[in-house]
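J.: can't give you the sequence, but here's the structure:
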């Protein structure tokens, strides 16, 4: 297999793949903002109006002229006449004159003439209609000025941002009840193998049920893609080409688990080559598990051949399929992936020059977590179900010693 | 406010809340396994059959009797007669006799009589119908025995486990095409405040749009709850009681953002007290932001009063609403939350004895990430939208020094 002589590391292989994908304009759909959690904003959004829309008090207290309170203290209070009370949700019914104060609640609108709010606990009622000021306040103290949060025209969210609860609240605060978001990429998923049968059938002896299609579909769905399982293809050139071509036509990205034997993988590569240009870009990646990965682009759409081993298929899909989905979604944030800090329970050997991903179980210790590797034979389907996450061993390491600090990528 | 004199730390407050919730049997619904990603398994699931269902080869090579290969090496090969080829997906058409070998592909069924597989690269064809064995193999080498992954009756998934892609694949490998999962808890969400209007209306002067209902609904949805926004209630005892009672009737958990002023918060607590027993359990928590939090249980259902400040509301919902959702979902896994390791850019002060959650922006540095705190005035809605995550300052710290290592909780 000459293709395997010079294997790219995963990050370089991904670059080759992404660099051959056109920066296509995303398809955009318009959604109710309230239903948009986890979706990706598809166009820059700017503020149509100021937030807050009026000067607001941030505390319960008295709207005052700061100058009227200068020098006031518990031992030497200032005295202000009570001008009225600001009702919530309404324009104050009075204008504040020097020497007076208006009762105001948190979120209430500052009356005209006031420039600060004295906290309730720094005041007391002197006599009906008059208050004692026990502490001086500065101009703008306990006040949010109009537009202090957001000014009209401010960039609120750049295209490519994922909507989280905070963004949804913020957009609705500005009356932005609909948002343009990117359409979920359609990901066609094929399994190949003469021995593979659908999960709802009883396998004949020698057959096994399809695992990869549905595990991959779940992975795609969780990432925000639209998974389309396209069935099981026998290991025959014509059948494979037809199925791949159909999947390619109706999807934005095609993933095929390429069977387990070397001949099946070669057949997959040959077929990808026929679907479109430039065809196979990478055949074999310097990573374990997942060496026999095939990365291709056919006339603008990525076509990825994953190893048939279910562990390899999921790990490799994480390295190559998910980044393509992110690209098609237009994600532009550099927010890092969250991990769990842990210490390895045992030494982990690795071949220098190759990256490894090792499934681990996380065990709570007194001070944190330990990461206990799961050693598994090829094709043990439940290996990953038994794991909490993966530990990455970089290419320049010949392994990791017991007790090494690692960042576990949750599955 | 006497209730505030002895404030519980958040973890103790949460214990009080959870300990007063009945360990109700979960409502269960049955779902197609393929559609189950992120759902919570509601009953233990055991294996109905072995996996793999037959002895399988894990490599391309020759099925052999290990004993026939003992002592074989490149310099002293053993010779075996070719007995046939195992077709994928079928029972082998031959039984292996001593002194012979059968061509087999990865995933193929081991023929009767064979007990190991010789890798293709450790063999060569001597002459038509005969192969050279260049390396000895041990019994079971390169073979997955029937039930080696999963034996019939094995516990596959305990009730309370979240379905990830690996679990979905594993269940379908065993023909388990439907699973019992817990019904998403119905979470009723109310906003209170005379100044609050729905997001799709143009506020009159002095009014603001409802932020919290939709931010909280998004948070609930993301966690696997079913969010029901129940509208905006004016700050009047009768209106609040009616609205809260209605929400309580038709939901499993009720959340109300209790308005921003002290009087509104007191009114909320008094109303929760009227809805059912035992009523308010905690009024005030020793945390910033979020001190004026109200935790109650009314006749078996949690009723939580959140601060009106949008930052506080989201932070506190993370501390109290999400754990109640997890409880109602029946989640039993102790899998830790993933975080991003970073170093603080500046000193962060904190009051000893109080826990703080500080919004931070993550900035990529050469070696990792730095966490840059976002200092915000109360009620700045976009504070959290500008943040990547939160840094937790524990109660026993009087702050964190610049360059301290922190684990950032992504928002």
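T.: Great, that's in hand. Computed from a prediction, not measured in an experiment: that's the story for all the values here. Numbers count the residues shown, from 1 in each chain, chains lettered A, B, ... in the order given.

J.: ok, residue A:188 touching residue A:243?
T.: No: using C-beta atoms under 8 Å, residue A:188 is not in contact with residue A:243, being 9.4 Å away. From N, CA and C alone the C-beta is placed, and that goes for glycine too.

J.: mind listing the shared neighbours of those two?
T.: residue A:230 (C-beta atoms under 8 Å, 6 or more residues apart in numbering or on different chains).

J.: show me which of those two is the more surrounded one.
T.: residue A:188 (25 against 22; other C-beta atoms under 10 Å in any protein chain shown).

J.: quick one: the helices in the stretch 201-350 of chain A?
T.: A:212-223, A:237-249, A:262-275, A:310-316, A:322-329 (DSSP state H, counting those that start in this stretch).

J.: would you mind naming what in the stretch 301-411 of chain A lies close to chain B?
T.: Counting by C-beta under 8 Å from any C-beta of the partner chain, the positions of the stretch 301-411 of chain A adjacent to chain B are A:308, A:310, A:314, A:334-341, A:362, A:364, A:369, A:377-382, A:384-385, A:387-388, A:407, A:410-411.

J.: what do you get if the cut-off is 6 Å, keeping everything else the same?
T.: A:310, A:314, A:335-336, A:338-340, A:378-382, A:384-385, A:388, A:410-411 (C-beta under 6 Å from any C-beta of the partner chain).

J.: follow-up on the earlier one: what would the helices of the stretch 201-350 of chain A look like in CSV with mean pLDDT?
T.: Below are these laid out as CSV (pLDDT from 0 to 100):
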stretch, mean pLDDT
helix A:212-223, 97
helix A:237-249, 97
helix A:262-275, 91
helix A:310-316, 95
helix A:322-329, 95
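
J.: pick the most deeply packed of these.
T.: helix A:310-316 (a mean of 27; mean count of other C-beta atoms under 10 Å in any protein chain shown).

J.: quick one: list the elements packing against it.
T.: The helices and strands touching helix A:310-316, judged by 3 or more C-beta pairs under 6 Å, 6 or more residues apart in numbering or on different chains; DSSP states H and E, are helix A:212-223.

J.: off-centre distance for the helix it packs on?
T.: 16 Å (C-alpha atoms, centre = their mean, to the nearest Å).

J.: what do you get for stretch A:202-209?
T.: With C-alpha atoms, centre = their mean as the basis, the mean position of stretch A:202-209 lies at 38 Å from the chain mean.

J.: list the buried residues of that stretch.
T.: The neighbour-count criterion (16 or more other C-beta atoms under 10 Å in any protein chain shown) identifies A:203, A:206, A:207, A:208, A:209 as the buried residues of stretch A:202-209.

J.: and for stretch A:352-363?
T.: Buried residues in stretch A:352-363 (16+ other C-beta under 10 Å): A:354, A:355, A:356, A:357, A:358, A:359, A:360, A:361, A:362.

J.: quick one: which of those is nearest to residue B:44?
T.: residue A:361 (19.1 Å; C-beta to C-beta).

J.: helix, strand, or coil at the nearest residue in space to the closest one that is not next to it in sequence?
T.: Counting by C-beta to C-beta, 6 or more residues apart in numbering or on different chains, residue A:361 lies nearest to residue A:372, which is 4.7 Å off, once chain neighbours are set aside. Classification of residue A:372 by DSSP: H, G, I helix; E, B strand; the rest coil places it in strand.
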